[in-house]
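Q: Provide a 3D model corresponding to the input given below.
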Amino acid sequence: MHSAEPLAFPAPAARASARLSRRAGVMAARLADLLDQALPAPGEHTAARDFLRAMAAAADPQPRALEDDDPLERIAAGFALTPVEIDLLLLAGLPDEHEGYAGVLRTLHPRGEPRPSAGLAAQLLCAGADERALLREVLETGAAAASGVLVLEGGAPFWERTLRPAEALWSALHGVDSWPSSLVHGGDPAAVDGLEEWLATPEAAHALRALSSGQPWTVLVTADADELADERGAALAAAAGVEAVRITLSAAAEAEAERLLSVHAAARGSVPIVRLLPPEGPGASRVPAFERHPGPAIVCGRAGTVLVHGLRPVVEVPAPRLTTAAREAMWRALLPESPEAAPDLAARYTVEPATARAAAGDARALAGLEGRVPRMADVGAGVRTRAGLALSSGVRLVRPNAGWERLVLPPDRMEQLHEALGRLLHQARVLDDWRFLEGRPGARGVRMLFSGPSGTGKTLAAEVMASALGVDLLLVDVSRVVSKWIGETEKNLAEVFDVAERAQAVLFFDEADALFGKRTEVSDAHDRYANLETAYLLTRLERFEGLAVLSSNLKQNIDPAFTRRMEFILDFEEPGPAERAALWRCHLPPGAPLEPELEVEELAAHFQVVGGVIRNAAVAAAFLAAADGTPITRRHAVRALRREYDKAGRAFPGLPSGMPAP
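A: The predicted structure is shown next:
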């Protein structure tokens with residue numbers, strides 16, 4: 001059933017497809033001539049010859065010369081293919097051109113495969129034994145075979161082996177954006193806002209010249225994370241003004257995948273940007289050699305996990321995190337309608353341009369729904385959504401909503417929390433303008449230790465700080481991070497720190513004693529590996545670019561090496577009577593029905609409990625009152641407190657003065 005309207009294709013793809021079909025038709029005519037010579041009498045191949053003649057007649061007998069924007073010309077010129085190799089590629093591609101060609105070739109193949117054999121190619125292209133010998137050499141070691149453009153496959157005798165083009169290449173030669181299944185390709189357009197300072201570095205300038213030259217250079221972009229390196233690689237290609245295609249390769253990618261990538265990039269006239277995924281175990285990712293790739297290539301990977309080999313010249317471009325000034329320029333460019341927000345955004349969200357661009361787009365769209373300009377909260381929501389958060393095992397995400405009014409602490413403790421926030425919010429002036437801690441890894445991170453009994457507000461304080469920063473809180477379950485298998489704990493911790501940095505989240509280690517405890521004398525292998533884990537933690541915590549909070553019930557259990565690296569150490573002590581009264585008022589909402597006899601000062605003076613117990617008792621008292629159908633009374637509160645004492649295994653101090661026994 002035919003459509004009433006013909007299919008319409010983009011002009012460049014249509015021209016490339018038409019040229020390729022014409023050349024395939026010429027090859028069909030040559031194949032029909034061969035059948036006429038080999039099988040002149042009518043017989044079983046008559047229908048095949050008729051079909052080939054019909055296809056040849058439909059093609060231009062004098063096909064146009066290849067053009068510069070033709071994918072086949074790019075392949076031929078890039079890999080220096082000879083005319084014979086171009087003919088072999090056209091012959092090998094006939095089955096992918098039309099199903100009728102595949103049917104004809106099936107009848108001619110010794111094993112009935114719908115593709116041409118090496119023997120058929122010899123009969124078609126060779127006039128004698130000498131030429132067959134040369135053809136054998138071309139099929140084994142020629143440029144088309146060595147580059148992967150043409151594949152000779154199968155374990156049959158040589159002349160019965162099958163010819164085919166590289167996977168998905170024939171569609172690419174038609175101008176279709178088709179890729180092999182082994183290559184994961186695609187990505188958002190490059191984001192360059194805020195990268196002007198980095199692009200002006202000597203290393204980046206060298207890379208831009210190498211890319212613009214069109215010569216076979218490898219530009220190696222390294223960063224703390226492979227995602228960051230990939231984004232910077234795309235930015236380099238955009239700044240150099242070259243067409244590029246982004247590909248992801250595993251650390252164990254086969255040489256065949258490298259050849260396919262090179263062939264498809266050459267067919268498209270694109271610079272390949274290869275993101276190397278880090279190895280799962282020890283070792284390094286092997287940078288593709290691109291031995292026969294005709295032009296420049298960009299390889300992106302995590303610093304310290306890539307291994308360069310091969311003879312192509314390499315220029316390495318480190319990709320550090322953006323400075324505060326660069327981030328401010330980035331936010332000004334992305335949100336020109338809210339320039340006054342740029343300094344605060346730069347201080348709070350140390351994200352890359354790609355994430356910032358997406359978050360700014362979300363913020364602008366959200367603000368448009370209400371007919372206003374974007375706000376800080378809009379951008380923060382966009383950053384949280386777009387930061388690429390993928391929680392690893394043992395990490396729980398908390399969307400903070402607690403404000404300072406819910407935190408009841410002595411004034412000196414509150415002052416320290418605000419000072420810690422200031423370390424994050426005023427980095428531009430101290431670290432960038434005044435040049436403090438210049439070049440020191442982790443200088444933009446803040447590390448804090450909260451110590452004190454359970455229920456004294458350590459987790460709440462971390463949540464309040466995350467809320468004040470407009471970021472998420474990541475709670476680390478130490479029991480699920482620590483593994484009995486050698487090396488697994490370090491791997492899990494690396495994922496935790498990477499997730500926190502990528503998501504711009506506050507990292508909170510609850511009950512950190514098990515992970516950050518004191519190192520021991522080495523008496524067996526377990527002690528040695530436990531100390532190795534501690535050494536890794538020391539290094540990674542010191543390099544962490546964010547707010548990390550360790551929580552412990554007993555500060556003395558933490559290894560002194562960790563406490564020396566803490567910018568702030570806060571002791572959360574059990575609250576006094578005035579603080580307990582404030583906690584009761586905090587946990588009894590203003591709209592809750594309270595009997596006049598319920599006085600929080602009385603409860604605070606008589607029951608020496610921490611904030612967590614007060615919260616539980618307030619909620620339990622509310623449910624007891626709801627069940628009785630009355631307001632919350634003193635008796636409900638005392639009954640709830642008695643149960644909290646029982647749960648903790650503590651002796652109940654008795655009823656407040658003047659309160660009758662039940």
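Q: Which residue ranges make up the domains of the protein?
A: 11-173, 184-318, 324-387, 396-571, 577-648 (automatic domain parsing).
Q: Could you dump those into TSV and include distance to Pro656, mean neighbour count and mean pLDDT?
A: Where you see a C-beta, it was placed from the backbone N, CA and C, and this is true even at glycine. Compiled in TSV, these are given as follows (distance: least, CB to CB, whole Å; neighbours: other CB atoms under 10 Å; pLDDT from 0 to 100):
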stretch	distance to Pro656	mean neighbour count	mean pLDDT
domain 11-173	80	18	89
domain 184-318	58	20	90
domain 324-387	44	19	89
domain 396-571	21	17	83
domain 577-648	5	18	94
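Q: Now distance to Met659 too, for the ones you listed, in JSON lines please.
A: Converted to JSON lines, these look like this (distance: least, CB to CB, whole Å):
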{"stretch": "domain 11-173", "distance to Met659": "82"}
{"stretch": "domain 184-318", "distance to Met659": "61"}
{"stretch": "domain 324-387", "distance to Met659": "47"}
{"stretch": "domain 396-571", "distance to Met659": "25"}
{"stretch": "domain 577-648", "distance to Met659": "7"}
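Q: what's the closest of those to Leu655?
A: For Leu655, the closest of the domains of the chain is domain 577-648, at 6.4 Å, according to CB to CB.
Q: what about the lengthiest helix in the chain, distance to the chain center?
A: Secondary structure of the chain per DSSP state H: the longest helix is helix 11-38. Centroid separation between helix 11-38 and its chain, computed with CA atoms, centre = their mean, to the nearest Å, is 44 Å.
Q: just checking, what packs against that helix?
A: Under the contact definition 3 or more CB pairs under 8 Å, 6 or more residues apart in numbering; DSSP states H and E, helix 11-38 sits against helix 46-58, helix 71-78, helix 83-97, helix 99-108, helix 118-125.
Q: Please repeat the previous calculation with a cut-off of 10 Å.
A: Secondary-structure packing of helix 11-38 (3 or more CB pairs under 10 Å, 6 or more residues apart in numbering; DSSP states H and E): helix 46-58, helix 71-78, helix 83-97, helix 99-108, helix 118-125, helix 169-173.
Q: Work out the gap between the third one and the centre of the chain.
A: It refers to helix 83-97. Per CA atoms, centre = their mean, the centroid offset for helix 83-97 relative to its chain is 39 Å.
Q: swap in the second one?
A: Offset of helix 71-78 from its chain centre (CA atoms, centre = their mean): 33 Å.
Q: Alpha carbons only: can I get stretch 73-91 in PDB?
A: Below are the C-alpha coordinates for stretch 73-91, written out as PDB (Å, rounded to 0.1, in the frame of the first residue of the first chain):
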ATOM      1  CA  GLU A  73      34.100  10.600   0.000                       C
ATOM      2  CA  ARG A  74      34.900  11.400   3.600                       C
ATOM      3  CA  ILE A  75      35.500   7.700   4.200                       C
ATOM      4  CA  ALA A  76      37.600   7.300   1.000                       C
ATOM      5  CA  ALA A  77      39.700  10.400   1.600                       C
ATOM      6  CA  GLY A  78      40.100   9.900   5.300                       C
ATOM      7  CA  PHE A  79      41.300   6.300   5.200                       C
ATOM      8  CA  ALA A  80      43.000   6.700   1.800                       C
ATOM      9  CA  LEU A  81      40.900   4.000   0.100                       C
ATOM     10  CA  THR A  82      41.900   2.800  -3.400                       C
ATOM     11  CA  PRO A  83      39.400   2.600  -6.200                       C
ATOM     12  CA  VAL A  84      39.300  -1.100  -5.800                       C
ATOM     13  CA  GLU A  85      38.500  -0.800  -2.100                       C
ATOM     14  CA  ILE A  86      35.700   1.600  -2.900                       C
ATOM     15  CA  ASP A  87      34.300  -0.900  -5.300                       C
ATOM     16  CA  LEU A  88      34.600  -3.600  -2.700                       C
ATOM     17  CA  LEU A  89      32.600  -1.400  -0.200                       C
ATOM     18  CA  LEU A  90      29.900  -0.800  -2.800                       C
ATOM     19  CA  LEU A  91      29.700  -4.500  -3.500                       C
END
